[in-house]
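Chemist: Take this sequence and fold it.
(one chain, ligands or ions: 1)
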Amino acid sequence: MMKPVVFVTRRIPEVGLSPVREACQMRLWEGELPPPKDVLLREVADCDGLLCLLTDPIDAEVIAAGARLRVISQMAVGVDNIDLKAATARGIPVGHTPGVLTEATADFTFALLMAAARRVPEGVDYVRAGKWRTWEPMGLLGMDIWQATLGIIGLGRIGAAVARRARGFAMRILYYDPARRPDLEAELGVEYAELDDLLAQSDFVTLHCPLNAETYHLIDERALRRMKPTAILINAARGPVVDTAALVRALSEGWIRAAALDVTDPEPIPPDHPLVSLPNCVVVPHIASATVATRERMATMAAENLLAGLRGERLPYCANPDVYTARA
Ligand code: GLV
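Modeler: Okay, the predicted model is just below:
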C-alpha cells in the first residue's frame, strides 16, 4: 500500500519526526525560516497530511490548494494562524497540542513578570557595560511581587497554572474571562473582576487568552490608560492581543511602568522597533514553551494527531471538533 504523503514545515524534535517518517512519505522543509507561501501552496497540493507551526499561514488559499489534505496537525496549542472555518468546511480536522505546554508556559510567565518587576535585563546590561562600581541604595529599584495584585486575563489551563504559582507569592489574584469559573475561584482563591476593574486594580496584568476577533487589541489605549502607572503588563499569549502602537506610548509616556513580552505584533519584531530599545520593556522571542521536554511532548502529540487523522481516526487533540459533528 502507498504510504500517505506528508509535508512537515520545519525540523521538529526527532521524537515527533521519526514516527511520521516511518508511517509516511515525509517531505521536510529544512529551512531555518518558515517555507514561503508559494512553497507551502506547492507542497500542500499533493499532500494527505500537513504538520505545521504557528509561523505558517494556513489560510483558506492554502487549505483550498490541499485538494487531498485529510489532516492538519499543528505543533502548538494556539491555532490562530489556521483558518479553522475553511478546514471544517472541507471536513479537515486540525490537531493542536494543549496541556503539554501549560506548566512550562506558566513558569515562563513568572520569569517574564519577575524580570520586568525586578529589572533583571537592565541589571545584566549594567554589569556588562562596566557600570557596577558599588552597591547603590537607590539603583535599579523595582516593584514588589510578594503580596502584589495579579490580574489574569483568560483563566484557561495556562491562566490557572499561573494562579497556582502566584499563590506561592501570597498575591491577591483577580481574573477576567468571558466564562466565570466558580470551581477555580474555590480551588485557587481567585476573584472574578470585570475587565476594567481588573485593569485598574492590578499591579501585574498577564494575558492568557487565545487570539480571536474578541481579543484582538483587547489591550488598547483605553485599557492601558486604565492601568496603574506602576503596573506591569505581561504577554505570553499572542502579540495582536495588545495594540503595539498604544503600548509604545504607554511605556514611553509612563501610563504604565513596564512590559514583558514573549509575543509581539509584528512577530518577529524588528531590532530597531521602539519596543526593543525601551529600557522598561523586556522582549524575548516567543519561547514560553521552549524547554527540551516540553518541545518533545509537543512534537510527539503533533505526530499522534497527524497519524490518527491519516488513519481516519478521531484526532486525540482536535481544535475544530465540530468537523466530526458537521460530517455526521
Ligand atoms: C505557542 O505559542 C503555542 O501556541 O503553542
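Chemist: interface residues of this protein facing the ligand?
Modeler: Counting by Cβ under 6 Å from any ligand atom, the chain comes close to the ligand at 54, 76, 77, 78, 101, 289. C-betas here are computed from N, CA, C, even on glycine.
Chemist: Okay, and residue 35 sits in which element?
Modeler: Following DSSP states H and E, one finds residue 35 outside all helices and strands.
Chemist: quick one: contacts for it?
Modeler: Under the criterion of Cβ atoms under 8 Å, 6 or more residues apart in numbering, the neighbours of residue 35 are 9, 29, 43, 56.
Chemist: wait, doesn't residue 145 sit right on residue 169?
Modeler: Yes - at 5.3 Å, residue 145 counts as touching residue 169 under the criterion of Cβ atoms under 8 Å.
Chemist: So which of those two has more stuff around it?
Modeler: For residue 145 versus residue 169, neighbours defined as other Cβ atoms under 10 Å are more numerous around residue 145 (19 against 16).
Chemist: Return the residues in contact with residue 141.
Modeler: For residue 141, the residues meeting the contact criterion (Cβ under 8 Å, 6+ apart) are residue 119.
Chemist: Double-check that it belongs to a helix.
Modeler: No - secondary structure of residue 141, determined by DSSP: H, G, I helix; E, B strand; the rest coil: coil, with no helix assignment.
Chemist: how close does it sit to residue 119?
Modeler: For residue 141, the distance to residue 119 (Cβ to Cβ, to the nearest Å) stands at 8 Å.
Chemist: Can you classify the most centrally placed residue in the chain by secondary structure?
Modeler: If you average the C-alpha coordinates of the chain and look for the closest C-alpha using Cα atoms, centre = their mean, you land on residue 237, 3.8 Å from that point. At residue 237 the chain is in coil, as set by three-state DSSP.
Chemist: farthest pair in the contacts of residue 35?
Modeler: The distance between the two most remote of the contacts of residue 35 (Cβ to Cβ) is 10.6 Å, for 43 and 56.
Chemist: count of neighbours near the nearest residue to residue 242 once chain neighbours are set aside?
Modeler: Nearest residue to residue 242, sequence neighbours excluded (Cβ to Cβ, 6 or more residues apart in numbering): residue 219, at 4.4 Å. Neighbouring residues of residue 219 were enumerated by other Cβ under 10 Å; the total is 25.
Chemist: Please apply the same query to residue 163.
Modeler: When neighbours are defined as other Cβ under 10 Å, residue 163 has 24 of them.
Chemist: Can I get the helix or strand hosting it in CSV? Just the C-alpha atoms.
Modeler: Assignment of secondary structure by DSSP H and E places residue 163 within helix 157-167. These are the backbone C-alpha positions of helix 157-167, laid out as CSV (Å, rounded to 0.1, in the frame of the first residue of the first chain):
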residue,chain,number,x,y,z
ARG,A,157,-5.3,25.9,31.6
ILE,A,158,-2.3,28.4,31.5
GLY,A,159,-4.0,31.2,33.4
ALA,A,160,-4.9,28.7,36.2
ALA,A,161,-1.4,27.4,36.3
VAL,A,162,-0.1,31.0,36.6
ALA,A,163,-2.6,31.5,39.5
ARG,A,164,-1.2,28.4,41.3
ARG,A,165,2.3,29.9,41.1
ALA,A,166,1.0,33.3,42.3
ARG,A,167,-0.4,31.7,45.5
